[in-house]
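sharing a model prediction with you, sequence too.
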Amino acid sequence: MGQGIIVDSSIRHIARKISIQDENKKEMINNYLDEVRRNLLLNINQYEKLDTSMRSETSNDVADDIP
């Protein structure tokens, strides 16, 4: 996997938010990473469904054009 996927400013923003908290910072980081993981998986699943339905529609359109 390539580096640089996450914008550095978003990491700094989260680090700043966590740094000012009194709670267990390691636990907050783990909770944040769990949330990111869930959101990524959800979005990936949605994109895969969209891609599959778009491919299906495209192949149906091509089949309709053939006499």
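Sure thing, it's come through.

where does the residue nearest the centre of the chain land on pLDDT?
Centroid-nearest residue in the chain: Leu40, 2.9 Å away (criterion: Cα atoms, centre = their mean). Leu40 carries a pLDDT value of 93.

please apply the same query to Val62.
We have a pLDDT of 53 for Val62.

picking up where we left off before, distance from the chain centre to the helix or strand where the residue nearest to the centre of the chain lies, please.
Assessed by DSSP states H and E, Leu40 sits inside helix 25-65. Relative to the chain's own centre, helix 25-65 is displaced by 7 Å; criterion: Cα atoms, centre = their mean, to the nearest Å.

list the helices and strands it packs on?
Judged by 3 or more Cβ pairs under 8 Å, 6 or more residues apart in numbering; DSSP states H and E, the packing partners of helix 25-65 are helix 8-19. Yep, even glycine has a C-beta here, placed from its N, CA and C like the rest.

what does the helix it packs on contact?
The contact list for helix 8-19 (Cβ atoms under 8 Å, 6 or more residues apart in numbering) reads Lys25, Met28, Ile29, Tyr32.

quick one: which of those residues is most hemmed in?
Within the contacts of helix 8-19, most neighbours by other Cβ atoms under 10 Å means Met28, with 15 neighbours.

pretty sure that residue is touching Ile20, no?
No. Using Cβ atoms under 8 Å, Met28 is not in contact with Ile20, being 10.9 Å away.

hmm, back to that, the residue nearest to the centre of the chain and Leu33: what is the separation?
10 Å (Cβ to Cβ, to the nearest Å).

cool, thanks, signing off.
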